[in-house]
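1. Pasting the sequence and the predicted model now:
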Amino acid sequence: MPLEGENEARLCEGWFDLMQVIPAPMEAQVLTVWYLVKYGDPEEIDHLLNEFFPGLRSMPPVEQKDALRNKIIEVRRMDELMEDKRTDPRPLVLPA
């Protein structure tokens, strides 16, 4: 796996582990879905997850990351998800 893929794997793994014990920022939740769609076994991924990022695997890496950023913006506007007890609604980067 290229270095970029290794970095994505470690980031996803860390967020996934953290999400098991505390509410996670929406960015982390969307990243986890993005990673599963990008690298997971297509036969094992729920079709709803694939619909979350249609055509992701066929996009160049820059477009894949654009899709991730755009989906985060879209999902942060969904009150139902942002108010879920498993979501930390604060910004990903907190002021010092």
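-> That came through, no problem.
2. now the end-to-end length of stretch 40-50.
-> End-to-end span of stretch 40-50 (CA to CA, to the nearest Å): 10 Å.
3. And the one residue sitting closest to the centre of the chain, which helix or strand is it part of?
-> The centre of the chain sits closest to Leu31, judged by CA atoms, centre = their mean, with a distance of 1.5 Å. Here Leu31, judged by DSSP states H and E, is contained in helix 26-39.
4. Give the next helix or strand downstream of the helix or strand harbouring Leu48.
-> For Leu48, the host element (DSSP H and E) is helix 47-52. Next in sequence after helix 47-52, counting helices and strands by DSSP H and E, comes helix 61-76.
5. got the buried residues for that next one?
-> Residues of helix 61-76 classed as buried under the neighbour-count rule (16 or more other CB atoms under 10 Å) are Gln64, Ala67, Leu68, Lys71, Ile72, Val75, Arg76. To be clear about C-beta, it is placed using only N, CA and C from the backbone, and glycine gets the same treatment.
6. In this structure the last one contacts Glu83, no?
-> No. Counting by CB atoms under 8 Å, Glu83 is not a contact partner of Arg76; they are 11.7 Å apart.
7. Tell me which helix or strand in this protein has the weakest average pLDDT.
-> helix 47-52 (a mean of 82; mean pLDDT, DSSP states H and E).
8. to the chain's geometric centre, what's the distance from that one?
-> Taking CA atoms, centre = their mean, to the nearest Å, the mean C-alpha location of helix 47-52 is offset from the chain mean by 12 Å.
9. So which residues make contact with it?
-> Val33, Leu36, Val37, Pro42, Leu56, Lys71 (CB atoms under 8 Å, 6 or more residues apart in numbering).
10. Of those residues - the most surrounded one?
-> Val37 (23 neighbours; other CB atoms under 10 Å).
11. about what we covered before: residues of the least confident helix or strand of the chain that come out buried?
-> Asn50, Phe52.
12. Check stretch 15-25 too.
-> Here stretch 15-25 shows Trp15, Phe16, Met19, Ala24, Pro25 as buried, counting by 16+ other CB under 10 Å.
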